[in-house]
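> Sharing a sequence plus its predicted fold:
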Amino acid sequence: MQGITVEKALSTYWGYDRFLPLQEQAMAAIVRRRDCIVVLPTGGGKSLCYQAPAVTAEGTAVVVSPLISLMKDQVDALTECGVAAGRLDSSLAPHEQQATMEALKAGRLKLLYVAPERLVTDAFVEMLRKIRLSFVAVDEAHCVSMWGHDFRPEYRRLGSLKKLFPGIPVGAYTATATEHVRADIAEQLNLEQPTLLIGSFDRANLVYRVFHRGDILKQVRGVLDRHKGESGIIYCIRRKDVDSMCAQLKALGYRVAPYHAGMEDEDRKRNQDRFIKEEVDVIVATIAFGMGIDKSNVRFVVHAGMPKSLEHYQQESGRAGRDGLEAECCLFYGGGDFGTWKFLMKDMPDEAREIAMAKLGDMYNYCTGGLCRHRSLVRYFGQDLDGDDCQACDICLGDRECIEDALVTAQKILSCILRLEQRFGAGYTTLVLTGSQEQKIIESGHDRLTTYGLLSDRPRSVVRDWIEQLVGQGCIAKAGEFSVLNITPRGWEVVRGTRTPRLFKPPEKPLKKSKAAAQSWEGVDKGLFEVLRKIRAEIASRKGVPAFVIFGDTTLRDMARRRPATLDDMLWVSGVGKTKQRQYGKVFLEAIADYCRRHANSLNAEDASGEGRRKRDEGRGTTDASIVRRPSGSGVSAISAASMPSRQSSDPRPNLPPARYPQPPQIGTGRRTGFKPTSHRRRHGKP
């Protein structure tokens, strides 16, 4: 495919006419044969940053991937787009591996996916030296760093790549990496003056909500019922919690399956495949599930317990909404979660445990704090948000309201801790404040304290949540093995009345819809969307591939919005390239025409050449410019200005103006960059 530009490849194979932020610069780095580190959030089109350049380059690109399931999904998706891709892993039969090797040696593959341990074996290195190797892409590159949240020792062996293949560019790609991890990636992989591209850590299409855990089954069912028939993930801390939650939901008629490390490999794989193929709606899992999942249409992620770090939470919640459409992330936490993780970390080496406990504290502060959830997350990764209101979290949507007498209520709680001589935990303190008649309270004489029953008009769960909120705001500290409550200097300021904390009311009113959710459905015929989903499921079942490999939800919504009438019209739908137009265009057009006849709807609701296209091109939908928030601290560290060749005239759509790389802002200066991302248009560079 020599001579084809990345822009042309993007249009022809993936059906996109515009880049997502930093995709263009990331592709340019590889095209110019520069080493690079690319940090883009899940759903930011990270994979396309190396897939599109591989199509345009001479030879074969090797992609290092840690999980077989991830390799398989990516190769299936590339094949559906018409890109020659293969994989070598232990799940393939000998004849399948042989066929892949023959295609590689014959130069028929543009991308080859392999595990890190295979790539650096002597035999494989010798074989790669005999072919034309275009570049190496290291996916999930945070696995190379001990400072990352998912360190894998086999990734350390990739440090020999630059020596084994001199002159071959190496790209490192990850969705979650702090500054320390990014520096470690560059060092461990021996990258040579790498271009550093750091995208926004903000996922504007995700709605974050945090609740104190009460009746967890009821709370989880509330989320599932808001997303009937949609794909979702429920995370639990312990295996027994997974089994219990899954059994209860199954008994209530929900289509769920479990996944954790205590299951047989075959059972885990079967349940994962059922989830990917949409034979079940929900997977209930420990954190063992997820990194190898390339499922784009996960509409919700529930944490039934607090994750152990904000890196883990960013990664796990980020499995929702990878297609750029709205998705909901609900976290239910309890005070006991901190103790559970603390116990699980007790056997770690001292230095590692100290780091892990600090990260756990940050996670706990996120749960109990009153700051915008989006802002809290991006600040953790060294960025910030423009504007005061994200319109996509419980705080900014007004789901959580502050109580009017927060100071007096907090003083009652702190006074009770003092009357108990700072010798008891949150649970016992809650019992005293709410006037419990339990025997241990009476026998201890704590029913005679002046603070006994001061908050008896409030449910225990609410009072316990207020205690946790005060812990999160630094007014109370938990000490020792039994998490005894102590008043901090900040807490004494509250006692003296010189500081007023924020205490939230329990959520009572219906949850509001985010701006992203409202806009992503604008103009979409939901009935037609469901018809198209069924057709997609039938095709996927027949071909034995995940449904999102055929078309993502973004594409189906755009079809249901535009209602194309001809094959040429189909090319205007986001995510429809020439290969998929030829493969599936006719069957989807027939379904759209039939639906429109039965419902007296017109075809070409948004004519590609008319006003509808202009409005869509200006950014309507979940990627509307008004909800794409640019954090300060994101951008490009080093890349020169250049221009891309214009589109080839053989494409049936109008020629686009040449794309240009913007002048780079500098990273790490401690100031806002002023760099604005490429406008999101009608079609976006997310495979």
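Yes, it's here.

> Next, count neighbours for the residue nearest to residue 91 when sequence neighbours are not counted.
For residue 91, ignoring the flanking residues on the chain, the nearest one in space by C-beta to C-beta, 6 or more residues apart in numbering is residue 68 at 5.2 Å. Where you see a C-beta, it was placed from the backbone N, CA and C, and this is true even at glycine. Neighbourhood size, residue 68 [other C-beta atoms under 10 Å]: 17.

> How about residue 90?
8.

> residues touching residue 602, list them.
By C-beta atoms under 8 Å, 6 or more residues apart in numbering, residue 602 lies in contact with 563, 596.

> How is it assigned, secondary-structure-wise?
Three-state assignment for residue 602 (DSSP: H, G, I helix; E, B strand; the rest coil): coil.

> Tell me the pLDDT of it.
If you check residue 602, the pLDDT there is 80.

> repeat for the one 5 residues further on
The model reports residue 607 with a pLDDT of 50.

> where does the stretch 201-350 of the chain dip in pLDDT?
For the stretch 201-350 of the chain, the stretches with pLDDT under 70 are 288-294.

> who touches residue 559 in this structure?
528, 529, 532, 551, 573, 588, 592.

> now, which of the residues you listed sits nearest residue 459?
residue 529 (40.8 Å; C-beta to C-beta).

> what's the distance between that closest one and residue 357?
Distance, residue 529 to residue 357, using C-beta to C-beta, to the nearest Å: 46 Å.

> likewise residue 495?
27 Å.

> Also residue 477?
13 Å.

> And for residue 76?
For residue 76 relative to residue 357 (C-beta to C-beta), the value is 41 Å.

> When these two are compared, which one has more neighbours?
residue 76 (19 against 16).

> avg pLDDT for the lengthiest helix in the chain?
Identified as the longest helix of the chain according to DSSP state H is helix 578-598. Helix 578-598 shows a mean pLDDT of 91.

> what's that helix packed up against?
helix 68-80, helix 526-543, helix 567-570 (3 or more C-beta pairs under 8 Å, 6 or more residues apart in numbering; DSSP states H and E).

> Swap in 7 Å and give it another go.
Using 3 or more C-beta pairs under 7 Å, 6 or more residues apart in numbering; DSSP states H and E, the elements in contact with helix 578-598 are helix 526-543, helix 567-570.

> Go through the ones you listed and pick out the most buried.
helix 567-570 (a mean of 19; mean count of other C-beta atoms under 10 Å).

> quick one: average pLDDT of that one?
Rounded mean pLDDT across helix 567-570 is 92.

> Kindly export that helix (C-alpha atoms) in PDB.
As requested, the backbone C-alpha atoms of helix 567-570 are provided in PDB (Å, rounded to 0.1, in the frame of the first residue of the first chain):
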ATOM      1  CA  LEU A 567     -24.500   2.700  -1.000                       C
ATOM      2  CA  ASP A 568     -22.900   6.100  -1.700                       C
ATOM      3  CA  ASP A 569     -25.000   7.600   1.200                       C
ATOM      4  CA  MET A 570     -23.600   4.800   3.500                       C
END
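
> going forward can the numbers begin at 374, since that is how I track them
Got it, first residue is 374 now, which makes that one helix 940-943.

> so what secondary structure elements neighbour that helix?
Checking 3+ C-beta pairs under 7 Å, 6+ apart, helix 940-943 ends up next to helix 951-971.

> quick one: buried residues of the helix it packs on?
951-954, 956-958, 961-962, 964-965, 968-969 (16 or more other C-beta atoms under 10 Å).

> Pull the distance from it to the chain's centre.
31 Å (C-alpha atoms, centre = their mean, to the nearest Å).

> now that helix against helix 899-916, angle please.
140 degrees (axes from the mean of the first three to the mean of the last three C-alpha atoms, to 10 degrees).

> contacting residues around helix 951-971?
Contact with helix 951-971 is made by 385-386, 388, 453-455, 901, 904-905, 908, 912, 923, 932, 936-937, 940, 943-944, 975-976, as judged by C-beta atoms under 7 Å, 6 or more residues apart in numbering.

> now do 6 Å
Contact with helix 951-971 is made by 385, 454, 455, 901, 904, 908, 936, 940, 943, 944, 976, as judged by C-beta atoms under 6 Å, 6 or more residues apart in numbering.

> The fourth one and residue 954: what is the separation?
Using C-beta to C-beta, residue 901 is found at 19 Å from residue 954.
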